[in-house]
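Engineer: need a 3D model of the sequence below.
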Amino acid sequence: MLQLIGELGIPLLLGVAYVWQVRRLEPKGRAPSVKRQLCFAAGLLTIAATTAGPLGSLSEERVSAHMVQHLLLMDLAGFLLVMGVTGPVLQPILGAPVLRHLRPLFHPAVALAIFIGAFAIWHIPALYQAAAQNNAVHAVEHGLFLSTGVIKWMALIGPLPAPLWFATGIQIVYVAAEHMFVAVVGNVFMWAGTPIYPLYAERTAALGIDPVTDQSIGGGFMAVWGMLLTLGLLAWVLLRWSKHDTERQELVEFAHQHGLVIDEDRIKRAVLAGHGETLRRRLREQAESAAPGEPAATSASSPGLVRPSGQSA
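Structural biologist: This is a model prediction of the structure:
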């Protein structure tokens, strides 16, 4: 019962905090779109359904169900939650005196290490079986899988400014390393030949199910999931690269046509963070506000348009 309350309490608290922040942003016209709000709600429902629904009960008896549960928390719930947030939504968290120190976790290199490390550590038999025996450990396990999933997706698709080096080629390495690692672990479970978790073997056998077969099914799901997600994300990265390259070039040409002086690194950073349209609007406003006969490049140096290279748009 305590585990159920804890696992349902997390999405409830997240939902209340999200709604409160959205209501604060609405009068300012900075609230996330309805589509993003629906994504966040779907992420919360995924957490609740994954931990408290029928899958939650099955995960206590079968390794295969437990594997599916972890992947849904990390990849589906984590993805939907990140798709539901924007910079203004995250501002109270990342701007708080203590919580702002969480920001380095979303650096791509750190996020990659955290995801792979957490995934590997929690599949060590001692920890995996401890989670199956102790509700508190189980709740911590789920919380960490969800958190690492959010961190992983935030580094790739989140609203925070990304390092300039985190471009298409590096993003492909990032995507491939994460999800191919999941596929490799899945293959270990598929071909192990003997139960890796004796505790689950006893529970599964009591249901009349062969433990090795159940373990292989879970491993097969992990392997297929990791490979399909890798291929899908690689296609998405390439499509986004094409879109970003076009958007970046259009912004550079717009600035040159209107005599605006702007650091091209700033354009790259804005486009990578999904703020290309915001930057375009600022450039247009700056061009239109230039006094007749006065070069637009003069007003382009005003605060809020041209910033040091190290700052985001």
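Engineer: helices along the stretch 151-300 of the chain, start to end?
Structural biologist: Ranges of helices in the stretch 151-300 of the chain, per DSSP state H, counting those that start in this stretch, are 168-191, 198-206, 211-257, 264-272, 276-289, 296-299.
Engineer: what's the angle between the longest one and helix 276-289?
Structural biologist: Interaxial angle of helix 211-257 relative to helix 276-289 (axes from the mean of the first three to the mean of the last three Cα atoms, to 10 degrees): 10 degrees.
Engineer: so what does helix 211-257 touch, helix or strand wise?
Structural biologist: For helix 211-257, the contact count by 3 or more Cβ pairs under 8 Å, 6 or more residues apart in numbering; DSSP states H and E identifies helix 63-71, helix 168-191, helix 198-206, helix 264-272, helix 276-289 as packing neighbours. Just so you know, the C-beta spots here come from the backbone N, C-alpha and C atoms, and that holds for glycine as well.
Engineer: with adjacent residues omitted, what lies nearest to the residue nearest in space to the middle of the chain?
Structural biologist: Centroid-nearest residue in the chain, with Cα atoms, centre = their mean: Trp153, separated by 1.8 Å. Nearest non-adjacent residue to Trp153, counting by Cβ to Cβ, 6 or more residues apart in numbering: Val82, 4.1 Å away.
Engineer: tell me which element the one you found is part of?
Structural biologist: Using DSSP states H and E, Val82 maps to helix 78-83.
Engineer: name the helices or strands packed onto that helix?
Structural biologist: On a contact count with 3+ Cβ pairs under 8 Å, 6+ apart, helix 78-83 meets helix 34-52, helix 135-157.
Engineer: can you list contacts of that helix?
Structural biologist: The contact list for helix 78-83, computed with Cβ atoms under 8 Å, 6 or more residues apart in numbering, reads 14, 36, 39-40, 42-44, 46, 146, 148-150, 152-154, 157-158.
Engineer: show me the shaky parts of the stretch 1-150 of the chain.
Structural biologist: Within the stretch 1-150 of the chain, the segments meeting pLDDT under 70 span 1-7, 98.
Engineer: distance of Cys39 relative to Arg240?
Structural biologist: Going from Cys39 to Arg240 by Cβ to Cβ, to the nearest Å gives 17 Å.
Engineer: do Leu207 as well
Structural biologist: According to Cβ to Cβ, Leu207 stands 45 Å off from Arg240.
Engineer: of the two, who's got more company?
Structural biologist: When neighbours are counted by other Cβ atoms under 10 Å, Arg240 comes out ahead of the other of Leu207 and Arg240, with 17 against 10.
Engineer: spatially nearest residue to Val22 (excluding sequence neighbours)?
Structural biologist: Ala31 (5.0 Å).
Engineer: how many neighbours does the residue nearest to Ile157 when sequence neighbours are not counted have?
Structural biologist: Leaving aside its sequence neighbours, Ile157 sits nearest to Val82 (Cβ to Cβ, 6+ apart; 6.0 Å). If you count neighbours by other Cβ under 10 Å, Val82 ends up with 24.
Engineer: for the helix holding Val82, list the C-alpha coordinates in CSV.
Structural biologist: The C-alpha trace of helix 78-83 is given here as CSV (Å, rounded to 0.1, in the frame of the first residue of the first chain):
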residue,chain,number,x,y,z
GLY,A,78,10.3,10.4,-19.8
PHE,A,79,9.8,11.5,-23.4
LEU,A,80,6.3,12.7,-22.8
LEU,A,81,7.2,14.7,-19.7
VAL,A,82,10.0,16.5,-21.5
MET,A,83,7.8,17.2,-24.5
